[in-house]
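K.L.:
here are the coordinates; sequence isn't available:
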């Protein structure tokens, strides 16, 4: 029997609107009734996409729009665990001539995420966390952290801040700090806007809960997270890592700035790039309650990134990269030397406190707050004194 003209569109409508298939999880993600171990991979497999978005409302000196090459990690179906893992090649940020001089000294970084994997839609929508990289770094500088966040049920996005990346250092085109303070926060705002306006045909459409937005970042990215939190009321929680003095982060904004959202500062007492007394102490003094502080006592500036896995100090000398007024070898070894905690110790601590913090404030897992303690830090580190945890009274 032939379908009537009325039934044909009705059948099509029913087929298009079927709910996504249920994808059983190995355990429950963070929620009002669950607080999974935040330093361990979460229940989701992870997918990843790379997109290039243009902010046509902001133009560079040559008249072209500001370009945001963005990495997006997201919760994926369990079947994604069987797909090939993504790899990131730091040599992509160097010229062909420089790559030849470097040789094979810098192997690709492999992360536990699969390209274009099917999103875990039946468990969404998910909170959005924007990660902002450090000055002269790159969008995937902290995959140990961003990929783990996605596995716990977050959509995590990080763009290359154009004119503030490793590639810009290599080309001698790194923008000034003043320019970065202006540009970077608007990059993050643009990313949030993009997720808010994803078209229905976008593979990630409907995957993000825009009522639950967090920002995190390292170094200049920490400054960015503090500044965006003061600029954009959609941001509900932030985790600045190795931050500059918050009072400097807020220069030029309407004063006084008083953040009314939860903040988790992660820093290192032995940081020689942004020293503790000049940056962390005044930042804590400027914060409203509630705040938490994780101090990796003997850590340094780059303890909070994947960059210690590469001998960048030797590479920049080899290819004659130079920043006037900066001792690049000293900078790039800050947190990567023999006195700093190895990644096997530092990264679980960083992940534990950041993920538990976001689980509490963006996923409603109040039980995760009980994981933000000194006892938890000592247990993860295997000894007392490796990390010190404090919080607002």
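P.N.:
Happy to help now that I have it. Because the structure is a prediction, the values reported are computed rather than measured.
K.L.:
Ranking helices and strands of the protein by mean pLDDT, which lands last?
P.N.:
Lowest by mean pLDDT, DSSP states H and E among the helices and strands of the chain is helix 7-16, with a mean of 45.
K.L.:
Next secondary structure after it?
P.N.:
strand 45-59 (DSSP states H and E).
K.L.:
same question for that following strand, mean pLDDT?
P.N.:
Strand 45-59 carries an average pLDDT of 96.
K.L.:
Can you name the residues that contact residue 133?
P.N.:
Residues counted as contacts of residue 133 (C-beta atoms under 8 Å, 6 or more residues apart in numbering) are 139, 141, 142, 158, 160, 161, 165, 217, 218, 220, 221. Every residue, glycine included, has its C-beta placed from N, CA and C.
K.L.:
wait, the second one sits on residue 305?
P.N.:
Yes: the pair residue 141 / residue 305 is scored as a contact, 4.7 Å apart, by C-beta atoms under 8 Å.
K.L.:
who touches both of those two?
P.N.:
134, 218.
K.L.:
And the residue nearest to residue 273 when sequence neighbours are not counted, its phi and psi?
P.N.:
Excluding the flanking residues, the one nearest residue 273 by C-beta to C-beta, 6 or more residues apart in numbering is residue 301, at 3.9 Å. According to degrees, to the nearest 10, the main-chain angles of residue 301 amount to phi -60, psi -40.
K.L.:
What residues does residue 301 make contact with?
P.N.:
219, 242, 268, 271, 272, 273, 274, 331, 334, 335.
K.L.:
tell me which element the residue nearest to the spatial centre of the chain falls in.
P.N.:
Closest to where the C-alpha atoms of the chain average out (C-alpha atoms, centre = their mean) is residue 131, at 2.7 Å. Using DSSP H and E, residue 131 falls within strand 126-132.
K.L.:
Toward the C-terminus, what is the element adjacent to that strand?
P.N.:
helix 143-151.
K.L.:
Quick one: residues in contact with that following helix.
P.N.:
Contacts for helix 143-151 (C-beta under 8 Å, 6+ apart): 41-47, 71, 73-75, 88, 109, 111-113, 129, 131, 140, 156, 158, 306, 343, 347, 350-351, 354-355, 358.
K.L.:
quick one: the helix or strand following it to strand 45-59, angle?
P.N.:
Following helix 143-151 in sequence order, the next helix or strand is strand 155-159 (DSSP H and E). Relative orientation of strand 155-159 versus strand 45-59 (axes from the mean of the first three to the mean of the last three C-alpha atoms, to 10 degrees): 40 degrees.
K.L.:
who does strand 155-159 pair up with?
P.N.:
Paired with strand 155-159 in the same sheet, following DSSP bridges, are strand 65-76 (antiparallel), strand 126-132 (parallel).
K.L.:
export those to a markdown table and tack on mean pLDDT?
P.N.:
Below are those laid out as a markdown table (pLDDT from 0 to 100):
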| stretch | mean pLDDT |
| --- | --- |
| strand 65-76 | 98 |
| strand 126-132 | 98 |
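K.L.:
quick one, which of the ones you listed is packed in tightest?
P.N.:
Among the strands paired with strand 155-159, ranked by average contacts under mean count of other C-beta atoms under 10 Å, first place goes to strand 126-132 (a mean of 28).
K.L.:
pretty sure residue 219 is in contact with residue 240, am I right?
P.N.:
No: using C-beta under 8 Å, residue 219 makes no contact with residue 240, being 9.1 Å away.
K.L.:
Specify which residue of the two has the higher count of neighbours.
P.N.:
residue 240 (29 against 26; other C-beta atoms under 10 Å).
K.L.:
Name the nearest residue to the more buried one, ignoring sequence neighbours.
P.N.:
Spatial nearest neighbour of residue 240, chain neighbours left out: residue 222 (3.4 Å); criterion: C-beta to C-beta, 6+ apart.
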